[in-house]
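1. Return atomic coordinates for the entry below.
(chains A, B and C)
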Amino acid sequence: MDNHLLIKENKPVAFSAETLETINQLSKRYPEGERKSILLPVLHMAQEELGGYLTIDILDYVASLVGISPVEVYEVATFYSMYYLDKVGKYVLEVCRTGPCAICGGERIADYLREVLKIKTGETTADGLFTLREVECLGGCGYAPVMQVNTEFYEYLTNEKVDKILSDLRAGAEKETDQQKRWVAQFSSQI
Amino acid sequence: MLKVTIDNITIDVEEGMTILQAARMIGGKVVPPAMCYYSKLKGTGGKCRTCLVKVAQSSAKDPRPMPKLVASCSTPVQDGMVVQNLTSPEVQEARKGVVEMLLVNHPLDCPVCDQAGECDLQDLSFNYGMEETASEEERREFPVIDIGPFIKLHMNRCILCYRCVYAADQLTSERRHGVMYRGDGSEISTLIANVIDNDFSGNVIDVCPVGALTDKTFRFKSRVWFIKPMDAHRECGRCSGKGTVWMFGNEIYRVTGRKDQYGEVEEFICNECRFEKKELASWTVEGPRKIKRQSVISANHYEKMVQPSIIKPIEGQMIPPQNEL
Amino acid sequence: MGSSILLANIGVPGIRNLKAYRASGGYSAVEKALREMTPAQVAQEVTRSGLRGRGGAGFPTGLKWSFLDRKTDKPRYLVCNADESEPGTFKDRFLMDKIPHLLIEGLILSSYALGVNNCYIYIRGEFKYLVGILEKAIREAHQNRFLGEKILGSDFSLNIFVHPGAGAYICGEETALLESLEGKRGNPRIKPPFPAFKGLYGCPTVVNNVETLATVGPIISMGGEEYAKIGKGKSTGTKLISACGNINNPGVYEIEMGLLLDDFIYSPAYCGGIAKGKKLKAVIPGGSSVPILPADLILRTLNGQKRLMTYESLAEGEFASGTMLGSGGFIVFDEDACIVRNTWNLTRFYRHESCGQCSPCREGTSWMENVLYRLEHGSGKLSDIDLLVRVAKNIEGNTICPLGDAAAWPVASAIRHFRHEFEEHVKNA
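-> Numbering: from 1, shown residues only, chains lettered A, B, ... in the order given. Here you go, the predicted model:
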């Protein structure tokens, strides 16, 4: 992560009415005066619904929704590794690089992905489909090597499996996927 | 009242006090150094780990020692507690280790740093630092940024004490800077180009223990040991108007809050007093500021320096502080 | 020693749903507790059971509960720590995925014992797919009056909410978890005050691990004393072990405490031996934070006794020749594994996951990673090995939270037991 100052573009951003209602329901889970508790879930929702990564405009919008100052949102958004502050592809391939995966071939899977996608870790393919990230332990050590793509876990990876996953994702990408709504739907199910 | 013994000196303190506060009541060399704790800012402390001490006895009721060294700034005293600071070789070793950590990524650019001469980290490395660094790794680097028209941020020098964050929270209406990212990538930042223009924002400079936040109106004007701190006051609608003006001849080079022996300001001052009132006519000068801190500026010999009281060491256990030649 | 308590019904078709869970005896502990027992009696059974925290620390659960401040008028909270992120550990994920009602039942019983009316499950963000599973289980429990107002006609009311993290190992530390739940950075709090007095929203709070809480149901069903008969000595009951690395059968196993470690590694019922017929080189038995032991010391203690899967046996010899049961994340290395590379890898993990709040951890983890990177990549010096030992020592015990220790122990133990490998890396560079 570069430590440069980010740019506020002043582009208008807004959640759908449905998401706003989910957030309204979500806030009822926490006591009076503790609305800040919804920040992490709302940032997840923002990332999923508002373009796949978090811009300063989005962070400021979230701050206004939660009712806290922008800097409090910046501090949180930069702390957690699941929030992307740079543009990412439609599918973010997150390959586990930690100990147990590494001794079971995780490093070779990352090598292979770099090779077939012709990008380095952290980069996005030219067609905007795939971003490759190497992440720390995903809690799938017994099913190593593992990779997470958005919400899905892919386990016992081999080069052949990786080929299949990539081609399935490419095929699926042409259809309109509803993946981004899943997270929101889970929360609206119960207050 | 509770009884607490620190380095063999027993005193009575009120319930709720921390070990560090108790040590400050005793004064002198038993007071552990503190880089992040700031008594006037709620919530500070616990982070830098320089004030670690050994609790040899938890309380009269529970005479067991605490298993680990504790941060004296955030550990409350209990009745009958026995604490070792100077008298514990373990504490001195651990503190040396902490200081080494604080210096691993510090640029050691003291020759061009405005804080030199009044820097807590400089003092700390003098007392506890190694002669040479064991690290051969590249140091972390951040760009130098302006946060507002008056304040310069040298993140390279920052030790992440969080004092400036608490100061902005507690003294200004809206905090605009904070700690971004995490781990060794943590940085004090506004994240976006932003202006910190609150009336009291300048206090972040005074609370900064190092040269990370410096006064742009004083930048490279003088080494602090060439200028004389004088207590002065003025009529001010925003703050008490009680500050220290730092003079060279009849010129005011800079204005700060009045700092006590632990480097903490007595009262926070406003930006107008700090940055905009540099004419002698704006101030009523009261006289030289008594600076008791161990620092090169104490060498200003127009005022007799008050010696810290010397604690009688227990025989055989005393580690002579390295600067006591 | 085949004993199955938590996973006894794991094979029942549809056990993820309330109907099947109920049909196999689920929620009978809640019925028993709410109809026949006082909250204090429930807590007492947990104390009697000898249950110890399954998240890694092994602190007695009943004792932890007894610290909860009951004198204030403030609400009390129970927070379930489902932030499972310790490398090698994937048991809680398994439990929540396969049999979520076991956790919900444990939460109801524990909340009843503690006088809690609002409970949060803080789950690591990467486990997004589990959120739907847990929310569905909670919804089913509501529909069947195990949750909500006046549960089963008693005076006890409870809501359970799932709350996601967003990628931070440190949030498994209980006070960092509470900060995160409050919508802040996951910086561990300075203690005291402890959560039992000042936890979530400044209120008295108990934070327990998923497996710990899931065990409360079976304890109430069978009685604390019966539970305490299972296992060995102070390591009562069963423990979920997540086995991974170079073994034939990686996966989650429920073992009775006291199982021979030898059996766990080589029995076909468990790890099934080392993969590809290789030899065992080393094991990290309790998640990446606990000391690594070479084959001879993991199988037998220094004085020749066979090592058992208990808190005590694994710790025998302390850090000189022992390790810890920790979270039960059992990582096995075969003869080809490179200890230096693995130590570098794990140190990179801790560097990445340090919150950066306190200086020894922030600076020490990155320093160690830099040095280990050099050693692994051919530009190390012999003096680097002792430097690492010294830096690890300067971190250990001097930090705000246990992440410092967790980062220091793997480095210190790898050098303690495999110094020659580090030296060879320098010589062959």
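2. Setting the sequence-adjacent residues aside, check what's closest to the residue of the stretch 201-325 of chain B found nearest chain A.
-> Closest residue of the stretch 201-325 of chain B to chain A, CB to the nearest CB: residue B:201 (13.1 Å). From N, CA and C alone the C-beta is placed, and that goes for glycine too. For residue B:201, ignoring the flanking residues on the chain, the nearest one in space by CB to CB, 6 or more residues apart in numbering or on different chains is residue B:172 at 5.8 Å.
3. can you pull the contacts of the one you found?
-> B:196, B:198, B:199, B:200, B:201 (CB atoms under 8 Å, 6 or more residues apart in numbering or on different chains).
4. Alongside chain C, which residues does the stretch 1-150 of chain B contribute?
-> B:45-50, B:52, B:68-69, B:71, B:74-76, B:94, B:97-98, B:100-102, B:104-105, B:134-135, B:137, B:140 (CB under 8 Å from any CB of the partner chain).
5. From the residues you listed, keep the buried residues only.
-> Buried by 16 or more other CB atoms under 10 Å in any protein chain shown: B:45-50, B:52, B:69, B:71, B:74-76, B:94, B:97-98, B:100-102, B:104-105, B:135, B:140, out of these.
6. Now do the contacts for residue C:359.
-> Contacts of residue C:359 by CB under 8 Å, 6+ apart are B:47, B:48, B:49, B:50, B:98, B:101, B:102, B:159, B:160.
7. Look up phi and psi at it.
-> The phi and psi torsions at residue C:359 (degrees, to the nearest 10) take the values phi -70, psi -40.
8. so what's it closest to, chain neighbours aside?
-> Residue C:359 sits nearest to residue B:101 (CB to CB, 6+ apart), 4.8 Å away.
9. Same question for residue B:166.
-> Using CB to CB, 6+ apart, the nearest residue to residue B:166 is residue B:41, at 4.3 Å.
10. Next: residue B:198.
-> Per CB to CB, 6+ apart, closest to residue B:198 is residue B:172, 3.8 Å.
11. Quick check: pLDDT value at the one you found.
-> Per-residue pLDDT puts residue B:172 at 92.
12. How much space separates it from residue A:52?
-> 35 Å (CB to CB, to the nearest Å).
13. Low-confidence regions, chain A specifically.
-> A:1-3, A:174-191 (pLDDT under 70).
14. before we move on, the earlier item: which SSE is the residue nearest to residue B:166 in?
-> Here residue B:41, judged by DSSP states H and E, is contained in no helix and no strand.
15. Show me where the chain has its strands.
-> Reading this off chain A. Along chain A, counting by DSSP state E, strands occupy A:91-96, A:130-135, A:147-149, A:152-154.
16. should've been chain C
-> Using DSSP E, strands in chain C cover C:77-82, C:118-123, C:159-164, C:205-209, C:231-232, C:235-236, C:238-245, C:251-256, C:280-284, C:293-294, C:329-334.
17. how many neighbours does residue C:108 have?
-> 29 (other CB atoms under 10 Å in any protein chain shown).
18. residues contacting the nearest residue to it once chain neighbours are set aside?
-> With CB to CB, 6+ apart as the criterion, residue C:108 has its nearest non-adjacent residue at 5.2 Å, and that residue is residue C:30. Residues in contact with residue C:30 (CB under 8 Å, 6+ apart) are C:105, C:108, C:109, C:146, C:151, C:152, C:217.
19. Please consider this matter closed, and thank you.
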